[in-house]
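>>> one predicted model, sequence on top.
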Amino acid sequence: MSRRRLLAWGIVYTSAVLAVVGFLVFVIGLVVEFVDTRRMPLEGDEFSPVIQIALGGLCLSGFTVLLGFILVGLLLARQSRKQAPGYGDAYRFIESLQFSQAIPLLERAVRDGRETADVLMMLTTAYAFNGQLAKAQAIADRAVQLYPDDPASYLTLANGYRMQASYEESARALQTATELAPDQPIMWAELGFVQQSAGNKDAALKAFQHAAEQPMPPMYSVRVYYHLAQAYAAAHQVEKAVESTAKMMSARHGLDAWLPMQQAMEGTVYGQSLHYEIENIASAIEAADAASLK
């Protein structure tokens, strides 16, 4: 966040605090005035000092609320101007796997100078799933150049490498992402998936263990805990294997989220690997269900 943006949000929060303080002064002033007038009625039509202070508090509250709304409106307007035209349509196209429809919208955004990290990530994804791997790699490299401190840029780069089955390069990019965002479990999960695909099971296990330290969306939990359960079972760590299997089962509905992605990547090396992994997880879930019925 830029200093100017940080300052603006600071003023917004300060305005909120002052609005509350002003309103409290107004309420307290009314209460004090009510008690005083019951004991000693005022003479004349002039406002008492207490009422004047209360009205001052009300004016302060109203002014700061108005100022806060104006600043929030300006910040939202600035953010919407930064967002690329057609971004929402492109996002919906990618969600529905219509990558060829999303590409022109995202390319226009880049031409217009709207090269946000999100736009570049979506364009990389659209190119990769559309089979334009060279363009996907170029955009992923561009994302890292523009946003070297953003972990999402390295996730974008890793996804480009992964689509080309360049798992070692993908793992290096994700290592950087985890260094920049060590508390983001999705980065650790993605690193584990890539290292698993590369055959580096020990490193994958450590990455999955890091991912499991934080709550994850079900689509990641089901895969992470499947691999953990398999690794613990192979190491004869029965208690940990049972615990991981139970967590996999609780996130089983997350497996459905990978099916469209698997279909979109059909014909690629990574797509085939994901296909077999999903089949194995589904089989493990069926086996766990069968065992629970006995």
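Cool, the structure landed.

>>> mind listing the strands for this structure?
Under the criterion DSSP state E, the chain contains no strands.

>>> helices of that one, residue ranges please.
3-39, 49-82, 87-95, 99-111, 117-129, 133-146, 151-163, 167-180, 185-197, 201-211, 218-234, 238-250, 258-264, 269-293 (DSSP state H).

>>> now for the second one, which elements pack on it?
Going back to what we said before, that points to helix 49-82. helix 3-39 (3 or more CB pairs under 8 Å, 6 or more residues apart in numbering; DSSP states H and E). All C-beta spots, glycine's among them, are computed from the backbone N, C-alpha and C.

>>> circling back to that earlier point, now the helices of the chain as CSV including mean neighbour count?
Conversion of the helices of the chain to CSV gives the following (neighbours: other CB atoms under 10 Å):
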stretch, mean neighbour count
helix 3-39, 14
helix 49-82, 14
helix 87-95, 17
helix 99-111, 19
helix 117-129, 24
helix 133-146, 18
helix 151-163, 25
helix 167-180, 20
helix 185-197, 25
helix 201-211, 19
helix 218-234, 22
helix 238-250, 16
helix 258-264, 15
helix 269-293, 14
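
>>> want to throw those helices into a markdown table with mean pLDDT?
Output for the helices of the chain, formatted as a markdown table (pLDDT from 0 to 100):
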| stretch | mean pLDDT |
| --- | --- |
| helix 3-39 | 72 |
| helix 49-82 | 70 |
| helix 87-95 | 71 |
| helix 99-111 | 81 |
| helix 117-129 | 80 |
| helix 133-146 | 82 |
| helix 151-163 | 84 |
| helix 167-180 | 91 |
| helix 185-197 | 92 |
| helix 201-211 | 93 |
| helix 218-234 | 93 |
| helix 238-250 | 93 |
| helix 258-264 | 73 |
| helix 269-293 | 83 |
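
>>> not counting sequence-adjacent ones, nearest residue to I285?
Closest residue to I285 apart from its sequence neighbours, by CB to CB, 6 or more residues apart in numbering: R252 at 5.3 Å.

>>> distance check, that neighbour against A282.
The gap separating R252 from A282 is 9 Å, by CB to CB, to the nearest Å.

>>> again, but for D112
For D112 relative to A282 (CB to CB), the value is 44 Å.

>>> same check, this time on G57
64 Å.

>>> same check, this time on P104
37 Å.

>>> next: Q230.
On the measure of CB to CB, Q230 and A282 end up 14 Å apart.

>>> again, but for A211
Distance from A211 to A282, by CB to CB: 21 Å.

>>> same thing with V72?
Taking CB to CB, one finds V72 at 47 Å from A282.

>>> can you tell me what sits against stretch 250-263?
For stretch 250-263, the external contacting residues (CB atoms under 8 Å, 6 or more residues apart in numbering) are 97, 217-223, 225, 271, 274-275, 278, 281-282, 285.

>>> one more time with 10 Å
95-97, 125, 129, 216-226, 248, 270-279, 281-282, 284-285, 288-289 (CB atoms under 10 Å, 6 or more residues apart in numbering).

>>> just stretch 196-206 next, same as before
162, 165-168, 170-171, 175, 188, 191-195, 207-208, 223, 227-228, 230-232, 234-235, 269-270, 273-274, 277.

>>> without its sequence neighbours, what residue ends up closest to Y225?
For Y225, the closest residue by CB to CB, 6+ apart turns out to be M248, at 3.9 Å.

>>> residue contacts, the one you found?
For M248, counting by CB under 10 Å, 6+ apart, the contacting residues are 221-230, 254-255, 281, 284-285, 288.

>>> separation between T64 and L71?
10 Å.
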